[in-house]
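no sequence on hand, only this structure:
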């Protein structure tokens, strides 16, 4: 049988004053902002992208469909009963 010990936190540093928490918050905010900007600019930019690359607009639409499915599927996986989720 494997036993696990609880993590010991040093009492020297106040957890609310750790400098890396702001860096992690900033990186998370930046990543969220970039994905939001990317999703909102894809539609208007697809016309110019299609012209520059010589790709038909229908092919770009197919790419965008799979691109958005890539956002949805990872959000649904935790809801599956095998992962401890419950059905609504």
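Yes, it's here. It should be emphasised that the depicted structure is a prediction, and the values quoted were computed from it without experimental measurement. Numbers count the residues shown, from 1 in each chain.

and the lengthiest helix in the chain, which residues are buried?
In the chain, taking DSSP state H as the definition, the longest helix is helix 20-53. Along helix 20-53, these residues count as buried under the neighbour rule (16 or more other Cβ atoms under 10 Å): 46, 50. Where you see a C-beta, it was placed from the backbone N, CA and C, and this is true even at glycine.

what's downstream of it, the next helix or strand?
As assigned by DSSP states H and E, the chain's next helix or strand after helix 20-53 is helix 57-76.

and the angle from the longest helix of the chain to helix 57-76?
Computed by axes from the mean of the first three to the mean of the last three Cα atoms, to 10 degrees, the angle separating helix 20-53 from helix 57-76 equals 160 degrees.

list the helices and strands helix 20-53 packs on?
helix 57-76 (3 or more Cβ pairs under 8 Å, 6 or more residues apart in numbering; DSSP states H and E).

which residues outside the helix it packs on are in contact with it?
Helix 57-76 is contacted by residues 39, 42, 43, 46, 47, 49, 50 when judged by Cβ atoms under 8 Å, 6 or more residues apart in numbering.

ok, now which ones touch the last one?
Shown in contact with residue 50 (Cβ under 8 Å, 6+ apart): 56, 57, 59, 60.

just the buried ones from these?
Here, 16+ other Cβ under 10 Å leaves residue 60 buried among these.

now, among the contacts of residue 50, which is nearest to residue 22?
The closest of the contacts of residue 50 to residue 22 turns out to be residue 60 (Cβ to Cβ; 38.7 Å).
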